[in-house]
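[1] A predicted structure for the sequence below; I have some questions about it.
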Amino acid sequence: MNRLDGRVALVTGAASGIGKATARRLAEEGAAVLVTDIQVGPGEATVRELVESGHHAAFLRHDVTSESEWEAACAKAVDDFGGLDILVNNAGMGDIKPIEDTTLEEWDRTVSIDQTGVFLGMKVAAPHLKASEHASVANISSIFGASGGFGTSPAYHAAKAAVRTLTKNIALHWATEGIRVNSIHPGFIATPILEQARGTDIWDGMTALTPMGHLGRPEDIAAGVAYLASDDAAFVTGLELYIDGGYMAR
């Protein structure tokens, strides 16, 4: 399918994992993709793979906590590809510490990337998205943005929950402006980082908590983003899309 022909996407945290799979899927659907990440080597490698496959793509090193770097990213999308239609706020980080062991510095860093980065992305991209006839924002939250998880990672949970509600707030704000805003809530996904835990108690525990009996793939999340970015979701805004193998149905 080429549901995204002629559109331009900006995907943050796209050097690996869910972001890379999303960049690939959007490109396969016809979009030109600006891949951004703080990891330069892997980010450039992602773009080489896309270009070698015949897609339009470019890379920019991008710290999502910086408003000026957001301005540079949006400007590059416009300069390189002619506009901005699709924004995927995917960049994020987390930890597994309990609240007693979480420092203020660690809290601030996680919230800055996972929450403030999403705010800045939508704020800075707003005029470009308003100029698009097919504007769509997909904010990557988490199952832990709507549940208490394991009682650890308080900053991650708080930030991802904020993304969930912020998405609804901006969806309502832009409802008559032609910009759809939705959140995606991945469950346990077999990203390269988690793959290191395959065969361990951690992997087995995540599998046991997933009703479908296996972890998801980055491509599963990418498919959800592609749907929300396409005209198939033309009447969809403010949605929480859970791609979690049934975790939140428990």
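    Alright, I've got the coordinates.

[2] and the strands in the protein?
    Shown for the chain, the strands assigned by DSSP state E span residues 8-12, 32-37, 57-61, 86-89, 135-140, 179-186, 240-243.

[3] export those to TSV and tack on distance to Gly216, mean pLDDT and mean neighbour count?
    For every residue, glycine as well, the C-beta is placed using N, CA and C. Shown next, in TSV, are those (distance: least, CB to CB, whole Å; pLDDT from 0 to 100; neighbours: other CB atoms under 10 Å):
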stretch	distance to Gly216	mean pLDDT	mean neighbour count
strand 8-12	18	99	30
strand 32-37	21	98	29
strand 57-61	24	98	21
strand 86-89	17	99	30
strand 135-140	13	98	27
strand 179-186	7	98	25
strand 240-243	6	98	18
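
[4] okay if I get the ones you listed as TSV plus distance to Ile96?
    Formatted as TSV, the strands of the chain follow (distance: least, CB to CB, whole Å):
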stretch	distance to Ile96
strand 8-12	23
strand 32-37	23
strand 57-61	28
strand 86-89	23
strand 135-140	19
strand 179-186	17
strand 240-243	22
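
[5] from Tyr242, how far off is the most centrally placed residue in the chain?
    Geometric centre of the chain, nearest residue: Asn90, 2.2 Å, by CA atoms, centre = their mean. In this structure, Asn90 and Tyr242 are 16 Å apart, going by CB to CB, to the nearest Å.

[6] and Lys168, by the same measure?
    Lys168 sits 15 Å away from Tyr242, going by CB to CB.

[7] any idea which helix or strand in the protein has the lowest mean pLDDT?
    Across the helices and strands of the chain, mean confidence by mean pLDDT, DSSP states H and E is lowest for helix 192-195: a mean of 78.

[8] ok, and what's touching that helix?
    Ser16, Gly17, Phe188, Trp203, Met206, Leu215 (CB atoms under 8 Å, 6 or more residues apart in numbering).

[9] which residues touch the third one?
    Shown in contact with Phe188 (CB under 8 Å, 6+ apart): Leu194, Met206, Thr207, Leu209, Thr210, Leu215, Gly216, Asp244, Gly245, Tyr247.

[10] what's the local residue count around the residue nearest to Ile96 when sequence neighbours are not counted?
    Distances taken as CB to CB, 6 or more residues apart in numbering place Thr152 nearest to Ile96, at 5.1 Å, with adjacent residues excluded. Using other CB atoms under 10 Å, Thr152 has 17 neighbouring residues.

[11] Ser53 now?
    Counted with other CB under 10 Å, Ser53 comes out at 11.

[12] for it, give its distance to Pro42.
    Distance from Ser53 to Pro42, by CB to CB: 17 Å.

[13] do the same with Asp204
    Distance from Asp204 to Pro42, by CB to CB: 28 Å.

[14] these two - which one has more neighbours?
    The residue with more neighbours, out of Asp204 and Pro42, is Pro42; 17 against 12, by other CB under 10 Å.

[15] got the contact list for that one?
    Residues near Pro42 by CB under 8 Å, 6+ apart: Ala15, Ser16.

[16] hmm, back to that, going by distance to Ser230, which of the contacts of helix 192-195 wins?
    The shortest approach to Ser230 among those belongs to Gly17, at 22.0 Å (CB to CB).
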